[in-house]
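Student: sequence first, then the predicted structure, then my questions.
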Amino acid sequence: MIHDRHQSPQHSASPGRQRLDLTATGTRGSAPLPAPLIVAVILGLLLIGIPLYLWRKPPEAGAEFAEPAAESAPTPSAAEVLTSALASSRPLQTSSQAVSVRLSPFRTIRCVKAGAGKTPPERCDRLPFFEHGLAHAIQATADAGPATVTGATVSFVLDVDFRKHRVKVYRGKSTTVPKSRTQELFRKVREAMPKPTWHGLEHDHYKYVVNVKATYPPAETF
């Protein structure tokens with residue numbers, strides 16, 4: 001009996017101590033999270049976080065000031081069409097004589113409107129594209145003008161047909177020098193004429209005949 005009493009305290013434990021031992025044992029024995037589960041959690045966070053970042057991302061600088069869509073361009077004026085045509089044509093050498101060539105005012109000889117009968121010249125509308133183009137061509141080719149002692153007048157007739165999309169420049173009757181002495185001049189003037197964009201030119205008639213006279217100085221002043 002005495003032996004049993006001495007051995008009993010070694011094998012007995014208090015209830016609190018038993019609970020502590022169980023808790024410590026459970027903590028030390030818990031298994032770590034598997035690697036696939038950690039990767040899945042990270043990927044899930046990325047899939048949720050990236051769209052939220054892009055959605056809340058501030059707009060780039062200047063985006064709010066983007067230009068509106070361009071509206072349809074209006075029909076260009078005759079002056080704009082002429083400027084574009086002259087800019088796209090090959091450059092011309094302007095001679096020192098060009099400043100001395102004097103041009104008369106352009107005069108419309110006749111114009112024709114379909115089914116409207118004869119239109120008086122003073123009621124014909126003007127053709128600024130062709131008039132400015134011819135004036136430019138005459139000034140730019142002044143070095144090909146007739147060389148005379150007393151000076152010369154060359155009459156230029158401009159024939160425009162909107163139906164046939166055709167432009168003619170030929171010699172008028174009031175020219176004061178023989179035809180043989182103006183052939184090279186007219187060839188160069190025709191080459192220097194701007195090429196029209198027919199659908200962009202306003203006109204009330206389909207055919208026009210216009211005249212302008214160029215006065216060239218005497219040869220000794222060349």
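Tutor: Everything's here; your move.

Student: which stretches of this protein form helices?
Tutor: 2-11, 15-29, 35-56, 78-88, 128-140, 183-192 (DSSP state H).

Student: and the fifth one, what's buried?
Tutor: The one in question is helix 128-140. Across helix 128-140, burial judged by 16 or more other Cβ atoms under 10 Å covers 128-140. C-beta: built from backbone N, CA, C; applies to glycine.

Student: what's the closest of those to Leu37?
Tutor: Using Cβ to Cβ, Phe129 is the member of the buried residues of helix 128-140 that sits closest to Leu37, with 80.0 Å.

Student: what about Thr215, distance to Phe129?
Tutor: In this view, Thr215 and Phe129 are 24 Å apart by Cβ to Cβ, to the nearest Å.

Student: just Lys207 next, same as before
Tutor: Lys207 is 15 Å from Phe129, where distance means Cβ to Cβ.

Student: repeat for Lys118
Tutor: 24 Å.

Student: pLDDT below threshold where in the protein?
Tutor: Applying pLDDT under 70 to the chain picks out residues 1-34, 49, 51-99, 116, 221-222.

Student: switch to 90 and redo it
Tutor: 1-100, 114-119, 199-200, 219-222 (pLDDT under 90).

Student: ok, Arg166 - how many residues close by?
Tutor: If you count neighbours by other Cβ atoms under 10 Å, Arg166 ends up with 11.

Student: beta-bridge partners for it, please?
Tutor: Beta-bridge partners recorded for Arg166 (DSSP bridges): Asp161.

Student: surely Val112 touches Asp159?
Tutor: No: the pair formed by Val112 and Asp159 falls short of the contact definition of Cβ atoms under 8 Å, at 11.2 Å.

Student: now the common contact residues for these two.
Tutor: Counting by Cβ atoms under 8 Å, 6 or more residues apart in numbering, the common neighbours of Val112 and Asp159 are Lys207, Tyr208.

Student: could you report the neighbour count for Leu103?
Tutor: Counted with other Cβ under 10 Å, Leu103 comes out at 15.

Student: then Arg107?
Tutor: Neighbour count for Arg107, taken as other Cβ under 10 Å: 12.

Student: that one: what's its closest spatial neighbour, skipping adjacent residues?
Tutor: Nearest in space to Arg107, with sequence neighbours left out and distances taken as Cβ to Cβ, 6 or more residues apart in numbering, is Asn211 at 5.1 Å.
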